[in-house]
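Undergrad: give me the fold of what follows.
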Amino acid sequence: MTVKYIMKRLLRDTGGATAVEYGLIIALIVIAMVAGMQAFANEVIEMWGLVGDNYEEAARKAANGN
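TA: Below is the predicted model of the structure:
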């Protein structure tokens, strides 16, 4: 095998390119998932904050007899 033959064979091989494309697609999907989970987490944190505030207000009213 000559160097010229090996270089031609490497240039014709597209298997590596396909693997790189799949890797990029997976990376984009993971980035989208992380962004979505972060937005969801922020909404859940805000919701539980409101629940806590309402609980404290109800407990305060119950303690004052209102």
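Undergrad: can you pull up the most central residue in this protein?
TA: Val34 (1.4 Å; C-alpha atoms, centre = their mean).
Undergrad: can you get me a residue count around Glu43?
TA: 10 (other C-beta atoms under 10 Å). C-beta: built from backbone N, CA, C; applies to glycine.
Undergrad: which ones are touching it?
TA: Glu43 sits next to no residue when contact means C-beta atoms under 8 Å, 6 or more residues apart in numbering.
Undergrad: show me the shaky parts of the chain.
TA: Where the chain drops to pLDDT under 70, the residues are 1, 66.
Undergrad: if we can go back for a sec, the residue nearest to the centre of the chain and Leu24, how far apart?
TA: Remark: distance between Val34 and Leu24 (C-beta to C-beta, to the nearest Å) = 16 Å.
Undergrad: also Arg9?
TA: 25 Å.
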